[in-house]
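Just the structure for this:
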Amino acid sequence: MFIRTCIAHTLKSNYSNFQKMSSKSAKFLPSLSRDDIKKFIESFDTVLTDCDGVLWVENNAIDGSPATINRLAELGKKIFYVTNNSTRERQDYVEKCTKLNFPAKKEEIIGTAFLVANYLRSIKFGKKVFLIGSDGFAKELDIAGIKYIGLGPDVMPQVYTTLQSITRDIEDHLDPEVGAVLVGFDPHISYPKLVKAASYLSDPNCMYIATNTDERFPVSSRLVYPGTGSLVAAVTTCSGREPLVLGKPNPYVAEAIGKFHKLDPKRTLMIGDRGNSDILLGANCGFQTLLVMTGVTSKEELKQWEGSADASQRLLVPDYYLDKLGDLLHLL
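Okay, here's the model as predicted:
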């Protein structure tokens, strides 16, 4: 029921928003008049902000971001930190925010590991899960009382020289109590893990849940990190199953926040650096959207979305954009 509701909500919202966005172009905030900027600032009460690429890069705050978030909080805006990163549990994020001078409480952190654990708890899931994920993901499952297996390295032993030679070893150790496969970011992804995930998912009653489908993260001019979406694509391909994705852009993010903070979509601002997760979440939920250029999206990509005849591309166009979040500070 939950899956059908989310899909119906998203399709209806996407269609409605595309109708409105058929001639839409993103507005560069500093180019607006003072009156228009004032109207924009007064138009939202709640701010949902992505973290990586918006507030910080790895362990370094992006210039001006802490001061901007603190100023928004001083103006009475309710701030939520909404990240597709599943490698940390919420308390870890509170500590990181504090270290980098962002005001944050645990209930204001909305991470995908928390979302998945929260969802499983809400449906009273009582089986084990096979986890492709990290220590932070496992901590959120521990907090929710969800049993799991699969955490950590699972490499192909050198003693096995053929795929057939590992068949009996893996098949004999498949846990009959597993009722779900969860996929988040896992630096220990391996062939044995893919074999196990696909094998568990051969049972149609086994749930398949992913934290997000963010594809990649360029970290320098020469280096690219594969994102969780790359791992999800591998499991999806070998299992022949499509996952329930609970992170951005799924409206479940807003549903989870709405359980303890009343969200008025028309008075909510989503800030992000990625079109197909952050901005699309805003489109799916009816939020205002602000794109910053300090993460994965370039101005060239934004122009392509604006000029595209493809409905799915047009949905990635934000209402507003900035070079960096810190540029908003002197406009407040």
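
State the distance from Pro226 to Asp203.
Distance of Pro226 to Asp203, given as C-beta to C-beta, to the nearest Å: 28 Å. For every residue, glycine as well, the C-beta is placed using N, CA and C.

do Phe44 as well
Counting by C-beta to C-beta, the gap from Phe44 to Asp203 is 45 Å.

which of those two has more neighbours?
Phe44 (20 against 12; other C-beta atoms under 10 Å).

Before we move on, what's the pLDDT of the residue minimising distance to the centre of the chain?
Per C-alpha atoms, centre = their mean, the C-alpha nearest to the average position across the chain is that of Asn84, at 2.5 Å. The model reports Asn84 with a pLDDT of 96.

Tally up the residues packed near the nearest residue to it once chain neighbours are set aside, please.
Distance criterion C-beta to C-beta, 6 or more residues apart in numbering; nearest residue to Asn84, sequence neighbours excluded, is Asn212 at 3.8 Å. Neighbourhood size, Asn212 [other C-beta under 10 Å]: 25.

Ramachandran angles for Asn212?
Dihedral angles of Asn212 (phi, psi; degrees, to the nearest 10) stand at phi -170, psi 170.

residues contacting it?
Listed by C-beta atoms under 8 Å, 6 or more residues apart in numbering, the contact partners of Asn212 are Asn84, Ser86, Thr112, Gly184, Gly227, Thr228, Gly229, Val232, Val245, Gly247, Lys248, Ser277.

Would you confirm that Ile41 contacts Leu75?
Yes - shown here, Ile41 and Leu75 form a contact pair, counting by C-beta atoms under 8 Å, at 7.5 Å.

residues touching Glu215, list them.
Taking C-beta under 8 Å, 6+ apart as the test, what Glu215 contacts is Pro226, Gly227, Gly229, Ser230.

Return the members of those residues classed as buried.
Pro226, Gly227, Gly229 (16 or more other C-beta atoms under 10 Å).

Name the SS class of Val82, please.
strand (DSSP: H, G, I helix; E, B strand; the rest coil).

how deep is the residue nearest to Gly227 when sequence neighbours are not counted tucked in, by neighbour count?
The shortest distance from Gly227 to any non-neighbouring residue, by C-beta to C-beta, 6+ apart, is to Asp214 (4.1 Å). Residues within reach of Asp214, counting by other C-beta under 10 Å, total 24.

just Gln304 next, same as before
Using other C-beta under 10 Å, Gln304 has 14 other residues around it.

and the gap between it and Val296?
Look at Gln304 and Val296: by C-beta to C-beta, they are 14 Å apart.

how far away is Thr297 from Gly275?
To Gly275, Thr297 is 6 Å away according to C-beta to C-beta.

Overlap in contacts, the two.
Common neighbours of Thr297 and Gly275 (C-beta under 8 Å, 6+ apart) are Leu291.

Where in this protein is the helix or strand with the lowest mean pLDDT?
helix 2-20 (a mean of 46; mean pLDDT, DSSP states H and E).

Farthest pair within the contacts of Glu215?
Across the contacts of Glu215, the longest distance by C-beta to C-beta is 8.1 Å; it joins Pro226 and Gly229.

what do those two both touch?
Counting by C-beta under 8 Å, 6+ apart, the shared contacts of Pro226 and Gly229 are Glu215, Arg216.

now the stretch 51-200 of the chain, which segments are flagged as low pLDDT?
Scanning the stretch 51-200 of the chain for pLDDT under 70 picks out 159-162.
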